[in-house]
Structure formats: C-alpha cells, structure tokens
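[1] Could you look at this predicted model? Sequence included:
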There are 2 protein chains.
Amino acid sequence: MNRDFSNVSMAVIRRLPKYHRYLKDLLEKEVYRISSRELSKLIGFTASQIRQDLNCFGGFGQQGYGYNVEELYQEIGKILGLNKTYTTVIIGAGNLGQAIANYPSFIKYGFKLMGLFDINPKLIGMKIRDIDILDLDYLEEYISKNKVEIGIICTPKEVAQEVAERLADSNVKGIWNFAPVDIKVPKEIIVENVHLSESLFILSYLLNEKENLQG
Amino acid sequence: MNRDFSNVSMAVIRRLPKYHRYLKDLLEKEVYRISSRELSKLIGFTASQIRQDLNCFGGFGQQGYGYNVEELYQEIGKILGLNKTYTTVIIGAGNLGQAIANYPSFIKYGFKLMGLFDINPKLIGMKIRDIDILDLDYLEEYISKNKVEIGIICTPKEVAQEVAERLADSNVKGIWNFAPVDIKVPKEIIVENVHLSESLFILSYLLNEKENLQG
C-alpha cells in the first residue's frame, strides 16, 4: 500500500480519527465485518463519502463483502502514526495539564509522558501518574537530555507564545497547544491548536439558531 | 440584517469563532479597520474566502475601505449567540471539569456555571470559583429548580451516555461533551462533542507524514 499520503486532502485526514474510534467500538462489540452502508448509519457520513474517503488510501474493502474491521482499524491507526511511540512533556501542570496527563487516549496510543513542568512551587515536586512535576527553568535541559518530541502547552494564554518559542528552540518536532491563542513557531515544527472556545461558540450558535427558528 | 442563518453552511459557521478570536486580538491592539487582505495574512484563510464567508451574513465591509473591526466583532458575536447568557452545570468535577470551570472564554462569554456534580465524596462539598460541587444524585432536582440550559459532561467514557440521558430527561437544551464517546440523545437537544484524541491523532499523523517524506 502506498505510504505517501501527502496528496490526500486534510479534510479526509481529519475524518480518520473518527473512523478509528468507531472501528475500535465495533471491535469491542466483536463486529468483524461491516459494509459502508452499516458504517454510514453509525458514523453519520454517507456511504459514498466513506467509500471515497477510504479509497484515498488504496485497497480497503471488497465490493459486496464489506470492510474487515480489524484490518481497517489497524491500517487507519498506521496512517495516523499510532503504531509508533512519541515522547512528550506537558508545560503547565494545573487542572488542564493534569487532565491531559490522565486522558485515556493519550496514555493508550503511544504518547509517553516524560515530565510535567510548572512555575508554581506548590506543584513542583509533586507527581501525576508517577511522573514528576519539574521546575520550568529546566525545560531546555530536560528536553535535550530525554529527546522529547512533543511539547503540550497547558499554560495561561499570556505565556503560551514564550513557552512555544522555548520548545521550538529545544528542537521538539511538534506542539499540541491548549492555550487559547494561535502560537507562531518556525514552520518545520508541527502545531496542533485545540481551541475549546470554538466548540463552545458553535454550541451557543446552534442553541441560539434553534431559538430564532422557533421564534 | 437577516437574522436567520439556517441556510449558511456549517463549514462557514465553524470558521466564525476563529474570526471572532482574531478580531478580539485586533481590538486589543487598537486596530479598528482591516482589509480582507490584511485579515487573510493574520488568520490564514484567503482574502476571497474571507469576503465570501462574511458576505453570507449580509453587509459587512465596504469596497476599498475594509472592515470595521469593532462592528464585525460585535456582529459575529451576535451570530454566535454570545450576546446572551446561558446557565450551565458541569458533571464530573475532576481535573477536566475543574479546568473547564476555570476556562477563561467560558467565564467571559456569558456561560454562567451554576454547579458542578460528582459522585466522589472527597469532592462533594468543595467549591471551585465559589461554586459548589454537589452530589450527582441531585442532578435532576437541581436542573429543574435552576432552569439549567447546558450540561457539560466531563465524566469518564463509561458513564457519559447515562449522564447524557439524565440531562436529556431533565430538559437541558444543549450538551457539551468531553467524554471520548459520541453520546446519543433525542435530536431536539443540541450536542457538541469535543474529541481531544482527534486533534492528538492529527498531530501524530502530521509528525509521521513529515518523517515519511524526509525518510
């Protein structure tokens, strides 16, 4: 199977985690084969969309026979890079940082948390899941010694850009940013911003829209 | 201005929170007028995309004169329903629930947190931002007495569906769900799921893809 998917649109790629999640649920329910039509009912994409999406990656499924759930799950996992492990640190060990440290998917899919960092003396020295909370002053030294690949920013908005630059200067490969600001780093560093407010505002839009329609 | 946007595509709507965030940043920097070309450089959408998006909502901007930042910010806020207030409760008062309770956008944009609920006796009776953590047994009673509109699920995956059904039976209007499962409730209830793993898996995809291309 072709392993270069750089010509597949990001819109398709962004749907893959959802396929991955539903396929995992199917496996847990011991469903080993599924048609695009049945998958469509579960996942809410049209059957034709599903066939089109999965065709981007080559030979999944057979006409009239459906998809092999286990195989599809494994292959999508590989496409998403989930067959590898990644070393990570969390910067900001408050509630959000601790919640991420304990997030089940994070633990399950090969994201190895090496350390948490904070500036709060009350937190420094504590442990989360047996992992030390360290003084932010040692960030650069720690990253270079421990070959950390991903930095996860769970700090307040005001310091997120500065932390991002320190991570970039330490040569991390990727940043997962939860601070409500779009951080800017050199383009060779992959950044994935999580803006919780975007999702909250869509909820308020939909609530409001519904009220307007009902008059 | 037309206030029924039900014919505007959700793809456009989902971009509005990002416009809103950038316009707010501009106002903080005392920038009061901006062209679609300048906005494009900041936000990363093409200028033509920006003009097209904002045209969906009627008469923003004047040819050759740019957008009035304050007006555009206010109008997008209204479209997103951010000029109203919403009463909310959080179910699950662990790290994630506490992080959401303290999330700045949540506090700032009219989402009034009435109470947090948990089953853990160590948490029940505590306060977060002066708001009580209550026993989950009283959820239904509390929602009906306090006219709660939005339930925010920060529980483990295993109990999220059950909590969602209790919220639905209590007639909340919307659910903001952080549990890593797609909850199912009657379709008159608006649900916005936040799947942190989707964003994490996109990060690992991009890291992996980059390595493949370099390899």
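    Received it, and whenever you're ready, just let me know what you need.
[2] Distance check, residue A:171 against residue A:29.
    Distance, residue A:171 to residue A:29, by C-beta to C-beta, to the nearest Å: 43 Å. The way it works is simple: take the backbone N, C-alpha and C, and place the C-beta from them, glycine included.
[3] hey, where'd the strands end up in chain A?
    In chain A, strands defined by DSSP state E lie at A:33-34, A:67-68, A:86-91, A:111-118, A:127-128, A:131-135, A:150-153, A:174-177, A:190-193, listed in chain order.
[4] Just the buried positions in the least confident helix or strand in chain A by mean pLDDT, please.
    Among the helical and strand segments of chain A, the one scoring lowest on mean pLDDT, DSSP states H and E is helix A:104-108, with a mean of 80. By neighbour count, with 16 or more other C-beta atoms under 10 Å in any protein chain shown as the criterion, the buried positions of helix A:104-108 are A:105, A:106.
[5] related to what we said a few turns ago, residue A:171 and residue A:29: which is more packed in?
    Taking neighbours as other C-beta atoms under 10 Å in any protein chain shown, residue A:171 and residue A:29 compare with residue A:171 leading, 14 against 9.
[6] ok now do that one, which residues does it touch?
    By C-beta atoms under 8 Å, 6 or more residues apart in numbering or on different chains, the residues touching residue A:171 are A:143, A:144.
[7] Just the pLDDT for it.
    Residue A:171 carries a pLDDT score of 95 in this model.
[8] cool, residue A:215 as well?
    The score at residue A:215 is 55. That number is its pLDDT.
[9] returning to what we had before: counting by contacts, list what the least confident helix or strand of chain A packs against.
    Based on contacts counted as 3 or more C-beta pairs under 8 Å, 6 or more residues apart in numbering or on different chains; DSSP states H and E, the elements that helix A:104-108 packs against are helix B:196-214.
[10] Determine the number of other residues adjacent to the residue nearest to residue A:54 when sequence neighbours are not counted.
    Among residues not flanking residue A:54 along the chain, residue A:60 sits closest, at 4.6 Å (C-beta to C-beta, 6 or more residues apart in numbering or on different chains). Neighbour count of residue A:60, defined by other C-beta under 10 Å: 19.
[11] Against residue A:44, how distant is residue A:60?
    Computed as C-beta to C-beta, the residue A:60 to residue A:44 distance reads 19 Å.
[12] ok, now residue A:52?
    In this structure, residue A:52 lies at 15 Å from residue A:44, with C-beta to C-beta as the measure.
[13] Next: residue A:26.
    When distances are taken as C-beta to C-beta, residue A:26 and residue A:44 turn out to be 15 Å apart.
[14] more crowded one of those two?
    Relative neighbour count places residue A:26 above the other of residue A:26 and residue A:44, with 21 against 11, counting by other C-beta under 10 Å.
[15] what is residue A:135 paired to in the beta sheet?
    Taking DSSP bridges as the rule, residue A:135 bridges to residue A:118.
[16] what residues are up against it?
    Taking C-beta under 8 Å, 6+ apart as the criterion, residue A:135 is in contact with A:117, A:118, A:119, A:124.
[17] Report the contact partners of the first one.
    The neighbours of residue A:117, taking C-beta under 8 Å, 6+ apart as the test, are A:89, A:90, A:91, A:92, A:93, A:133, A:134, A:135, A:136, A:138, A:139, A:142.
[18] distance of it from residue A:93?
    7 Å.
[19] which neighbours do these two share?
    By C-beta under 8 Å, 6+ apart, the residues touching both residue A:117 and residue A:93 are residue A:133.
[20] Break chain A down into its structural domains.
    In the domain annotation for chain A, the residue ranges read A:10-79, A:86-198 (automatic domain parsing).
[21] Can you say which of those domains is packed in most?
    Mean neighbour counts were taken over those using mean count of other C-beta atoms under 10 Å in any protein chain shown, and the top value, a mean of 19, falls to domain A:86-198.
[22] Kindly check the end-to-end length of that domain for me.
    27 Å (C-alpha to C-alpha, to the nearest Å).
[23] one step back: please name whichever of the domains of chain A is nearest to residue B:185.
    Within the domains of chain A, the stretch nearest residue B:185 is domain A:10-79; the backing value is 14.2 Å (C-beta to C-beta).
[24] First-to-last residue distance for that closest one?
    In domain A:10-79, first residue to last residue: 13 Å (C-alpha to C-alpha).
[25] Mean confidence (pLDDT) on it, please.
    When pLDDT is averaged along domain A:10-79, the result is 89.
[26] what about residue A:204, distance to residue B:190?
    As judged by C-beta to C-beta, residue A:204 and residue B:190 stand 9 Å apart.
[27] same deal with residue A:147?
    Residue A:147 is 44 Å from residue B:190, where distance means C-beta to C-beta.
[28] repeat for residue A:111
    When distance is defined by C-beta to C-beta, residue A:111 is 31 Å away from residue B:190.
[29] wait, isn't residue A:66 in contact with residue A:33?
    Yes: using C-beta atoms under 8 Å, residue A:66 is in contact with residue A:33, at 5.0 Å.
[30] hmm, who's touching the least confident helix or strand of chain A?
    The contact list for helix A:104-108, computed with C-beta under 8 Å, 6+ apart, reads A:100, A:113, A:129, B:157, B:180, B:196, B:197, B:200.
[31] out of those, who's nearest residue A:153?
    After measuring the contacts of helix A:104-108 against residue A:153 - C-beta to C-beta - the closest member comes out as residue A:100, at 10.1 Å.
[32] Find the nearest non-adjacent residue to residue A:164, please.
    Distances taken as C-beta to C-beta, 6+ apart put residue A:183 closest to residue A:164, at 4.0 Å, once the chain neighbours are dropped.
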